[in-house]
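Enquirer: how does the following fold in three dimensions:
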Amino acid sequence: MSATGAGVIAPAPAWRRTVGVVSALTGAAAAVGSVQLVTGTFTPPVSDLRPLGLESWVLPGLWLAASVAVPCLGTAVLAWRRSTRMGPAAVGAGVLLIVELAVQMPFVGLDPLQGVMGTVAVSLVGLGWSSARRSGTKDQP
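Expert: Coordinates of the predicted model:
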């Protein structure tokens, strides 16, 4: 067995890998959803948006990209790079996902997927908060 030394990278702890995988999958799904909304593919009825004065799903698609896809994919990159900034990024991505869910419920109604994504959001916040508290210390696998 080799000890962690010069040029040898210690394996990432399981929680960091979990944040990386969950963030990457969530970001990828949000990116696909954004493209679908912007292109009008598999979208809910436009009548859901009329109370907002919108006539297409383009703006909500861009909102989804900015509020979920980009922060989650950024968190995934920071997790894979073992950055000490991953914790605050995960907290931010989780909070933005919670905001996204809260904003969409009045317009598209309740769906079981929102419960799943709510669990993902709370997990990102919790793991990110825990990581942020440990920033500056060496991660233990």
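Enquirer: just how off-centre is the helix ranked longest in the chain within its chain?
Expert: Longest helix in the chain, counting residues (DSSP state H): helix 14-39. Its chain's average C-alpha position is 6 Å from that of helix 14-39, according to C-alpha atoms, centre = their mean, to the nearest Å.
Enquirer: would you mind listing the buried residues in that helix?
Expert: If you call a residue buried by 16 or more other C-beta atoms under 10 Å, then helix 14-39 has these buried ones: 16, 19-20, 22-24, 26-27, 29-31, 33-34, 37-38. All C-beta spots, glycine's among them, are computed from the backbone N, C-alpha and C.
Enquirer: looks like Ala121 contacts Leu101 (just checking).
Expert: Yes. Using C-beta atoms under 8 Å, Ala121 and Leu101 qualify as a contacting pair, with a distance of 6.9 Å.
Enquirer: return the set of buried residues in stretch 104-123.
Expert: Under 16+ other C-beta under 10 Å, the buried positions of stretch 104-123 are Gln104, Gln114, Met117, Val120, Ala121.
Enquirer: among the residues you listed, which are in helices?
Expert: Among the buried residues of stretch 104-123, the residues falling in helices (DSSP H) are Gln104, Gln114, Met117, Val120, Ala121.
Enquirer: next, the contact list for the third one, please.
Expert: Listed by C-beta atoms under 8 Å, 6 or more residues apart in numbering, the contact set of Met117 reads Thr26, Leu97, Leu101.
Enquirer: check what pLDDT it gets.
Expert: Among the per-residue scores, Met117 holds a pLDDT of 96.
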